[in-house]
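Chemist: could you look at this predicted model? Sequence included:
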Amino acid sequence: MGQIVLKQEGAIAVLSVDRPEALNALSRELVDEMDLLVERVRKDPEIRCLILHSEKNFAAGADIKDMADCDEEAAKAFVFSPTYDKIEELPIPVIAAIEGYALGGGMELAMTADIRIAEKSAKMGFPEVTLGIMPGAGGTIRVPRVTGEAAAKELIFTGDIISAEKAAAIGLVNRISEDGEVLRDAMKLAEKLCRRGPIALAAAKRTIRAGQEEPDWKRGIQIEAENWAKLFNTEDQKEGMKAFLEKRKPEFQNR
Ligand SMILES: C/C=C/C(=O)SCCNC(=O)CCNC(=O)[C@H](O)C(C)(C)COP(=O)(O)OP(=O)(O)OC[C@H]1O[C@@H](n2cnc3c(N)ncnc32)[C@H](O)[C@@H]1OP(=O)(O)O
């Protein structure tokens with residue numbers, strides 16, 4: 001217990017792995033604890049943005065020591081997707097603030113975020129193929145979505161550990177912070193997002209995903225139009241537009 005911590009600062013929650021001796025490698029127990037904390041975030045309407053950040057190293061992957069002797073059945077315990085999918089499906093913006101190493105299942109955790117910021121000296125990648133396996137916690141699905149298939153294949157096939165600069169160039173991360181400032185930058189972005197309409201943000205997140213998954217783009221446009229119109233039933237839409245007309249800042253409700 002205690003190898004993963006959820007801290008709340010107002011409407012912003014920060015989820016951190018605290019296992020420095022193993023570069024924040026992710027054990028099954030640790031991800032079980034993560035699952036409970038993610039559920040807590042999901043259920044708390046006060047929390048309007050989640051940051052994934054761990055000191056020194058984001059996470060050096062799933063725990064190799066635990067997996068070394070697994071057979072197919074035992075390996076399934078290290079498919080972290082049920083928890084990772086819950087993070088991606090949170091109805092709030094999730095920001096990954098990456099320090100140090102984010103590798104394998106650790107980088108796959110960062111891929112569950114909506115926005116990724118890496119410090120200049122961060123190192124990222126999917127070294128699974130160097131271990132005789134492949135990404136197994138959503139990487140083969142989420143990486144092509146942001147980098148395109150060719151860059152995703154090069155990253156996953158080579159198992160290369162790449163720099164923050166290269167990660168930004170292929171779209172794996174949104175932008176780069178100075179070393180030591182990535183959490184501060186993520187907090188600043190989170191504060192901005194917490195000033196936006198939470199119901200609208202949740203609708204935008206849901207609609208972007210639906211559009212990506214809808215093969216018929218015309219249907220995607222229809223889903224967007226339906227979700228857009230529904231927002232006019234919310235107090236936030238009334239308050240948002242009234243505030244504009246009265247030349248003041250809007251006071252949005254909790255999600
Ligand atoms: C579904 C998901 C699957 C996966 O995620 S598969 C795993 C993917 N991850 C990796 O392949 C990364 C493995 N780690 C490394 O390659 C190296 O580490 C680094 C390049 C990240 C850093 O190398 P260096 O600076 O030389 O440190 P060090 O001595 O290798 O590591 C310090 C301690 O941390 C432990 N550790 C690092 N990564 C993991 C891991 N993923 N699982 C378990 N332990 C890990 C080591 O063993 C060692 O510990 P000790 O001091 O007791 O020897």
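Modeler: Received the coordinates, thanks.
Chemist: what residues does the stretch 51-200 of the chain put near the ligand?
Modeler: 60-65, 78, 101, 103-105, 127-128, 131, 136-137 (CB under 6 Å from any ligand atom). To be clear about C-beta, it is placed using only N, CA and C from the backbone, and glycine gets the same treatment.
Chemist: what's downstream of the helix or strand harbouring residue 190, the next helix or strand?
Modeler: Following DSSP states H and E, one finds residue 190 within helix 182-193. The helix or strand immediately downstream of helix 182-193 is helix 198-213, counting by DSSP H and E.
Chemist: related to what we said a few turns ago, now for the helix holding residue 190, which elements pack on it?
Modeler: On a contact count with 3 or more CB pairs under 8 Å, 6 or more residues apart in numbering; DSSP states H and E, helix 182-193 meets strand 12-17, strand 49-53, strand 94-98, strand 115-119.
Chemist: once you drop chain neighbours, what's closest to the residue in the stretch 101-250 of the chain positioned nearest to the ligand?
Modeler: Here the stretch 101-250 of the chain gets closest to the ligand at one residue, residue 104, 2.6 Å apart by CB to the nearest ligand atom. Spatial nearest neighbour of residue 104, excluding adjacent residues (CB to CB, 6 or more residues apart in numbering): residue 61 at 3.2 Å.
Chemist: so the one you found sits against residue 24, correct?
Modeler: No - in this structure, residue 61 is not within contact of residue 24 by CB atoms under 8 Å, at 9.2 Å.
Chemist: quickly note the distance from the residue nearest to residue 104 to residue 187.
Modeler: 26 Å (CB to CB, to the nearest Å).
Chemist: who has more neighbours out of those two?
Modeler: Between residue 61 and residue 187, residue 61 has the larger neighbour count (other CB atoms under 10 Å), namely 27 against 18.
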